[in-house]
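> Sequence plus the predicted model coming up.
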There are 2 protein chains.
Amino acid sequence: MTQRGIGRAGNAINGRYRFVTGIAMKTLTELIGTALPIVQAPMAGVQGSALAVAVSQAGALGSLPCAMLAPAAMREELAAVRAGTRGPFNVNFFCHAQPEPDAARERRWRHRLGPALREFGLDPAAIPEGPGRQPFDEAAADLLEAVRPPVVSFHFGLPAAGLLARVKAMGAVVLSSATTVDEARWLRDHGADAIVAQGLEAGGHRGIFLGNDLATQQGLFALLPQVARAVDVPVIAAGGIVDAAGVAAAFALGAAGVQAGTAFLLCPEAKTSALHRAALREADARGTALTNLFTGRPARGLVNRMMREYGPIDAAAPAFPLAGTASGALRAAAEARGSGEFSPLWAGQNAAGCREVAAAEVLAELARGVPPGLLARGGH
Amino acid sequence: MTQRGIGRAGNAINGRYRFVTGIAMKTLTELIGTALPIVQAPMAGVQGSALAVAVSQAGALGSLPCAMLAPAAMREELAAVRAGTRGPFNVNFFCHAQPEPDAARERRWRHRLGPALREFGLDPAAIPEGPGRQPFDEAAADLLEAVRPPVVSFHFGLPAAGLLARVKAMGAVVLSSATTVDEARWLRDHGADAIVAQGLEAGGHRGIFLGNDLATQQGLFALLPQVARAVDVPVIAAGGIVDAAGVAAAFALGAAGVQAGTAFLLCPEAKTSALHRAALREADARGTALTNLFTGRPARGLVNRMMREYGPIDAAAPAFPLAGTASGALRAAAEARGSGEFSPLWAGQNAAGCREVAAAEVLAELARGVPPGLLARGGH
């Protein structure tokens, strides 16, 4: 075990001076090159280059989520980010293993969703393929090499060693999310340069990749200090952070930086749908829950009819991302009739903290919670 | 809706200056009369007067849990606290409605636990009654009136209006726990003078009393600021707080005080069993989960064989506290053979933060995280 100075709140708040075996650990801003130790969480489906650019231009790390982009769209979006900002940015990928399709399971699942599918005029036996979620692969690495992004982040672990080596060879700083201390240690041992500690409060997909037991998932108050003690790379706190107070609390608990996603969902730079925005405005009344109904993996979203009637968790859902075929068709049909009740309305447990302001204004609020000693001199 | 100054992290950290409609809200220390804005969480079964006295003498609010005490023991323990400290103390009760026994459900439950019961030589059809959990009642109020405790706290809501009026007439400050914003508003509307915001990280029984959907339960990062915004009484943060950093983070998120329980489990003043202490020393490896197997209500404890083999949640468990009859017998038989694998090993998600030191030393560590402006001048 390495020794490090943790201990007192006074030191923990001033996360800049954390030492590992006598050698000062890089601060997050030194590692990623931003002025602010703040990462905009990549949110596939609800944002693209516009939000990434706005955040990057405002001094934090903007993120481009690529999990739902076909190659041509990915190339365009990468070019838009590269052209839109001179600051560092992050490109995000999922790195799940694609499951074998299971026809019997898929049939049972469509039968289960049958009443809702038929309500919206869909034939459970004839559902069209929708946009899937592709894991990071050689083709994506080819596209990245043309852009050489300063930071690349992964969800659900890390890609295979050869693929990860290609990313590292581009000079990219590599991030990934941990939902347990074991996952944090695994990521650190397998090449992550910084680790996102994803508290149970977080919106969207849980990054869980070692096991699938949701009972292991911890609130940020517990996960963050445990991860910060367990690894000797910068730890970025995620989950429920929507304002300066949340940022200050995360640094008090030993964070080297923070990641915020939900806080940006109502920004004009996000592509959040009108239905999703409307649901966010009533976040207090709806509440959130973890659900696997939309994709096959647990993810946090605002409660809607889909979650009330079919879950929020159903062990019978096809493996990620295959559950998305039927639920995606259902969602599209319901949205066409003006209903968000079958849509994934991803949001964290502090969704009521969303404000309808520009991304730069969200960042200005978050930045007020950063200990002054952790703001980079100069920035990009 | 009342207006109040929340906003900036700088103000939130200095929780002393929070205003409601222009009138300064009492600080927690003003309300309960302690030097420190710290409450020792009542932990029925693992602590009694000794820990309450030690904490009270050290300047925080010590708590005597009465849920598992018969009247004679309660009288003795109350006298011991009254005699042991001149400082304020808290007396804690459960206030659940006793369920009607359901013979068929009980039979099914014993059948389900049958293999484990027989392994330890127990006949599922002939299980002796163990110590139960009594709700607060007129007899308990009689005992309290002889002692007039400065603070009385409740779990699972509040007692009926007449009983609560008796407690208020004694001059006691009344606390109760909320696990959702709706519960916080309900408690405030029904007479709570301060509210414990119990994050999902917390050990022991969830205080949940409006509904029973665990998907509504929030991490402290989300629950605490939401409750602090929703009610105009002091909010005490609970869940995963074991050190100065956790205390500092809670105050950053708008807490008026903190409650810590797990942090005291290894203190010599606690009655934590040797088996429970041994499990706490391997908390990192075990992890925790919410389980209803031991009592019928969800509570967080270290994972053991009972939780792995039968749950951790089983909707078939008898209603609280009746599930405790069979599981209590199983626990006693297993413990008699030196095993804690069928015992409730209550602990929060930061159980690895437990230290084997005197309660006063735990408090000294926690106190280092309190903003200086919130320490009472003088104290008791």
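It's in.
> domain assignment for chain A?
As recorded under automatic domain parsing, the domains making up chain A are A:1-96+A:133-269+A:358-373, A:101-132+A:274-354.
> Those domains: lowest mean pLDDT?
For the domains of chain A, mean pLDDT drops lowest on domain A:1-96+A:133-269+A:358-373, to a mean of 91.
> near chain B at all, that one?
Yes. Using CB under 8 Å from any CB of the partner chain, domain A:1-96+A:133-269+A:358-373 reaches chain B at A:8-10, A:12-13, A:181, A:199-201, A:215-216, A:218-223, A:225-226, A:239-241, A:243-250, A:252-254, A:368-369. The C-beta positions use only the backbone N, C-alpha and C, and glycine is treated the same way.
> Separate out the buried members of these.
The neighbour-count test (16 or more other CB atoms under 10 Å in any protein chain shown) applied to those identifies A:9, A:12-13, A:181, A:199-201, A:216, A:218-223, A:225-226, A:239-241, A:243-250, A:252-254, A:368-369 as buried.
> hmm, back to that, deepest of the domains of chain A, which one?
Among the domains of chain A, the stretch with the highest mean neighbour count (mean count of other CB atoms under 10 Å in any protein chain shown) is domain A:1-96+A:133-269+A:358-373, at a mean of 22.
> Show me how far that one is from its chain's centre.
8 Å (CA atoms, centre = their mean, to the nearest Å).
> swap in stretch A:327-335?
That offset, for stretch A:327-335, works out to 23 Å (CA atoms, centre = their mean).
> now, which of the buried ones among the residues of domain A:1-96+A:133-269+A:358-373 next to chain B lie within helices?
Mapping those onto helices (DSSP state H) picks out A:9, A:12-13, A:181, A:220-223, A:225-226, A:244-250, A:252.
> Against A:Ile208, how distant is the residue in the stretch 51-200 of chain A positioned nearest to chain B?
The nearest approach of the stretch 51-200 of chain A to chain B comes at A:Leu200, 5.0 Å away (CB to the nearest CB). Relative to A:Ile208, A:Leu200 is positioned 10 Å away (criterion: CB to CB, to the nearest Å).
> Need the overlap of contacts for those two.
Common neighbours of A:Leu200 and A:Ile208 are listed as A:Thr179, A:Gln217 (criterion: CB atoms under 8 Å, 6 or more residues apart in numbering or on different chains).
> Thought A:Ala80 was touching A:His89, still the case?
Let me fix one detail, which is that residue A:89 is Phe and not His. No. Using CB atoms under 8 Å, A:Phe89 makes no contact with A:Ala80, being 10.6 Å away.
> Just list whatever residues bridge to A:Leu175.
For A:Leu175, the beta-bridge partners are A:Ser153, A:Ala194 (DSSP bridges).
> list the contacts for it?
A:Val39, A:Asn90, A:Val151, A:Val152, A:Ser153, A:Phe154, A:Ala192, A:Asp193, A:Ala194, A:Ile195, A:Val196, A:Ile236.
> measure it to A:Leu36 for me?
Distance of A:Leu175 to A:Leu36, computed by CB to CB: 16 Å.
> Likewise for A:Leu266?
Look at A:Leu266 and A:Leu36: by CB to CB, they are 20 Å apart.
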